[in-house]
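Colleague: Just to be clear, the model below is a prediction. Sequence and coordinates:
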Amino acid sequence: MPRMTSKRFFEIATPAASGRYGAPMGRGDYGPADADRAIARQVHLRQVPLDAGGYDPGGAYWGHAADGTTLYVALADAHWLETAQRDARPLRMFVRARSRDAAKRAVGERYPGARFFDGTPAVQGAAHANVS
């Protein structure tokens, strides 16, 4: 996944999410089945903008966190994943965190060895993203 505009990033990360009964609450994560052994070589990580009602750009409801955390999303195209799976799914992971570094830690806990698009590795440290 080459560098992209914020608009294109969020079209991929948060596609239109209206349903028969209205907007879904949040979105699911996805990625390779062998996540504990997969290495994500280039992960994009961005803060998800929420409107005043707590909806992401595609219309899924997240609400606003009372604990001061921010919603982030990590994306990695399948060809940036080193995995034993033949047809690995791309990675998408949402996390609420107090900072970008805390969000990187959370991604690194699920995908050890993850490196972010700017070349930095997942930050080592606290076990839970919303702690620091």
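Modeller: Structure received.
Colleague: Around G59, how many other residues sit close by?
Modeller: 16 (other Cβ atoms under 10 Å). Every residue, glycine included, has its C-beta placed from N, CA and C.
Colleague: How about it: what's its closest non-neighbour residue?
Modeller: Among residues not flanking G59 along the chain, A17 sits closest, at 4.7 Å (Cβ to Cβ, 6 or more residues apart in numbering).
Colleague: most residues in a single helix of this protein, which one?
Modeller: helix 100-110 (DSSP state H).
Colleague: pLDDT wise, what is the residue nearest to G59 at?
Modeller: A17 carries a pLDDT value of 82.
Colleague: burial count for it?
Modeller: 17.
Colleague: Could you double-check that it lies in contact with P24?
Modeller: Yes: under the criterion of Cβ atoms under 8 Å, A17 makes contact with P24 at 5.5 Å.
Colleague: Mutual contacts of the two, please.
Modeller: A60 (Cβ atoms under 8 Å, 6 or more residues apart in numbering).
Colleague: Any buried residues in the longest helix of the chain, and which?
Modeller: D101, A102, A103, K104, R105, A106, V107, G108, R110 (16 or more other Cβ atoms under 10 Å).
Colleague: After the helix or strand bottoming out on mean pLDDT in the chain, which helix or strand is next?
Modeller: In the chain, the helix or strand scored least confidently by mean pLDDT, DSSP states H and E is strand 81-82, which has a mean of 62. Next in sequence after strand 81-82, counting helices and strands by DSSP states H and E, comes strand 91-97.
Colleague: got the CA positions of that following strand in CSV?
Modeller: Output of strand 91-97 as CSV, limited to C-alpha atoms (Å, rounded to 0.1, in the frame of the first residue of the first chain):
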residue,chain,number,x,y,z
LEU,A,91,-4.5,-6.3,8.3
ARG,A,92,-6.9,-3.8,9.8
MET,A,93,-6.9,-3.2,13.5
PHE,A,94,-8.8,-0.6,15.6
VAL,A,95,-7.5,0.4,19.0
ARG,A,96,-8.4,3.1,21.5
ALA,A,97,-5.2,4.6,23.0
